[in-house]
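> this one's structure only:
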């Protein structure tokens with residue numbers, strides 16, 4: 001298997017250029033990229049897997065409040081921001097890829113109810129790496145995850161955010 005590299009290669013960039021190219025990998029949270037650059041980038045971080053390993057470690061090691069801020073930066077799935085076109089380019093592409101832009105009115109209503117119940121229970125939006133999924137599996141995941149304990153769900157959300165980051169980086173290689 002051939003290693004695929006990001007372009008531009010992270011290890012070749014100064015701080016500002018690195019943050020400009022990779023600061024949006026974590027939704028509205030460029031501080032993850034800033035800390036990644038400060039920790040040092042080498043050839044091992046020039047691939048999607050290598051860079052996400054470093055960046056995910058930063059997020060996982062962050063204090064709970066900082067993690068919660070990253071989780072809260074994510075939009076509701078099939079929510080008002082999606083319907084009104086207010087999502088980031090990455091989020092728009094990801095949600096459309098899972099068919100969330102093709103929901104029936106009944107499905108939009110279910111997403112709305114689940115989004116509201118989830119936020120009421122956990123204090124942050126439901127986050128799921130939706131690439132390769134569809135709206136039916138996402139709704140099933142909502143039902144399952146609403147039963148999680150709060151700490152378990154925060155960990156699950158962080159895991160999902162790190163999967164999203166990997167998908168976004170892999171997508172940048174294939175463009």
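Thanks, I have it. Note that this is a predicted model, so its numbers are computed, not measured.
> Okay, helices next: where are they in this protein?
Applying DSSP state H to the chain gives helices spanning 15-22, 31-39, 48-61, 64-72, 80-83, 89-97, 105-122, 135-145, 150-174.
> so which of the ones you listed comes closest to residue 7?
Closest approach to residue 7 among the helices of the chain (Cβ to Cβ): helix 150-174, 7.5 Å. For every residue, glycine as well, the C-beta is placed using N, CA and C.
> ok, the residue lying closest to residue 124 once chain neighbours are set aside - contacts?
With Cβ to Cβ, 6 or more residues apart in numbering as the criterion, residue 124 has its nearest non-adjacent residue at 4.4 Å, and that residue is residue 71. Neighbouring residues of residue 71 by Cβ atoms under 8 Å, 6 or more residues apart in numbering: 124, 125, 127, 154, 157, 158, 161.
> now swap in residue 52 and tell me
25, 162, 165, 166, 169.
> Tell me which two of the contacts of residue 71 sit farthest apart.
125 and 158 (13.2 Å).
> Which one's more surrounded, those two?
Applying other Cβ atoms under 10 Å to residue 125 and residue 158 shows that residue 158 carries more neighbours, namely 20 against 17.
> What is the least confident helix or strand in this structure?
Least confident helix or strand, the chain: helix 80-83 with a mean of 77, by mean pLDDT, DSSP states H and E.
> remind me which residues of this protein are low pLDDT?
Applying pLDDT under 70 to the chain flags residues 1, 174-175.
> do that again at 90, thanks
Scanning the chain for pLDDT under 90 picks out the ranges 1-3, 78-88, 92, 96, 172, 174-175.
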